[in-house]
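Asks: Sequence and predicted structure below; questions after.
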Amino acid sequence: MTRGTELCSAATMAGDPARRLAGLMFRRGLQPGSAIVLEPCNGIHTCFMRFPVDVVFISFEWEVLRIAPAVPPWRFIPWVSGSRRVVEMRAGSVALSRTAPGDLLSPV
């Protein structure tokens, strides 16, 4: 990552339509360091979620395009131009990692 920090330590890929649709709905929470990566994806909703999440929109080249911190349940975030994937993680994770738009992430 650009800043030499870790955004998340355990990410689950949601690459098929059913897993992307379900996302984090109905879960009770996320462990620190865990995340879900929705791909392809360029917009999200937090309907049926029980907790706020940090949302990071990422380009095909793994560049951070937009960050939506602490998005509460029952919100819609419209599509982000150029976004290829979205990472959803526990609220506060982005601030801890100091991630910012323009950063390049390592998919490892």
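Replies: Looks like it arrived, so ask away. Numbering: from 1, shown residues only.

Asks: host element of the spatially most central residue of the chain?
Replies: Geometric centre of the chain, nearest residue: V87, 1.9 Å, by C-alpha atoms, centre = their mean. Element membership for V87 (DSSP states H and E) is strand 83-90.

Asks: Counting by contacts, list what that strand packs against.
Replies: Under the contact definition 3 or more C-beta pairs under 8 Å, 6 or more residues apart in numbering; DSSP states H and E, strand 83-90 sits against strand 34-38, strand 53-59. Every residue, glycine included, has its C-beta placed from N, CA and C.

Asks: Could you list the buried residues of the shortest one?
Replies: To tie it back to what came earlier, the one meant is strand 34-38. Residues of strand 34-38 classed as buried by neighbour count (16 or more other C-beta atoms under 10 Å): A35, I36, V37, L38.

Asks: which intervals of the protein have sub-threshold pLDDT?
Replies: For the chain, the stretches flagged by pLDDT under 70 are 1-2, 108.

Asks: show me where it has helices.
Replies: Using DSSP state H, the helices found in the chain span residues 17-22, 93-97.

Asks: Outside of the first one itself, list whatever touches it.
Replies: Residues external to helix 17-22 that are found in contact with it (C-beta atoms under 8 Å, 6 or more residues apart in numbering): A14, L38, E39, C41.

Asks: Tell me, how many residues neighbour R90?
Replies: Using other C-beta atoms under 10 Å, R90 is surrounded by 20 other residues.

Asks: how about a markdown table for the helices and strands packed on strand 83-90, with distance to L24 added?
Replies: Output for these, formatted as a markdown table (distance: least, C-beta to C-beta, whole Å):
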| stretch | distance to L24 |
| --- | --- |
| strand 34-38 | 6 |
| strand 53-59 | 7 |
